[in-house]
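Peer 1: just to be clear, the model below is a prediction. Sequence and coordinates:
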Amino acid sequence: VICVFGYIAEWMLHSKYDWTCATYKLGAMYLPAVQRYYHFHRFLLAVLLHSNFFHLLWNVLALVSLGNSCEHFLTTYKFVPLLLTSAIGGNLLSA
């Protein structure tokens, strides 16, 4: 649900700004902003941004299908930290 709201916010800002500026304003991962202005929130917020509707759709489908199985296997208390660590770790490695 949060990803859908993020995509709607991207779409609404895209009409006012170009796509790069819109995603930057919403928290896209941009290493100079983290280094100069200490925007550490970008490590987590970038996970909620999607480039188009199909990107959002496939991510939601993967999260629903694989996420339910993983959450059932690991329990919620282990799955949520794993999900957050994966999100932040993926952004750290791609920076």
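Peer 2: On my side now, so go ahead. Keep in mind that this is a model prediction, so the values were computed, not measured.

Peer 1: quick check, residue 17 in contact with residue 25.
Peer 2: Yes. With contacts counted by C-beta atoms under 8 Å, residue 17 reaches residue 25, the gap being 6.9 Å. For glycine as for every other residue, the C-beta is placed from the backbone atoms N, C-alpha and C.

Peer 1: can you give me the helices for the protein?
Peer 2: For the chain, helices defined by DSSP state H occupy the ranges 2-14, 19-26, 31-37, 42-45, 53-74, 76-94.

Peer 1: from residue 86, how far out is the residue sitting furthest away from the middle of the chain?
Peer 2: If you look at how far each residue of the chain sits from its centre, by C-alpha atoms, centre = their mean, the farthest one is residue 73, at 23.6 Å. Distance, residue 73 to residue 86, using C-beta to C-beta, to the nearest Å: 15 Å.

Peer 1: contacting residues for the residue positioned nearest the centre of the chain?
Peer 2: Closest residue to the average C-alpha location of the chain: residue 47 at 1.3 Å, with C-alpha atoms, centre = their mean. Shown in contact with residue 47 (C-beta atoms under 8 Å, 6 or more residues apart in numbering): 87, 90, 91.

Peer 1: try 6 Å
Peer 2: residue 87 (C-beta atoms under 6 Å, 6 or more residues apart in numbering).
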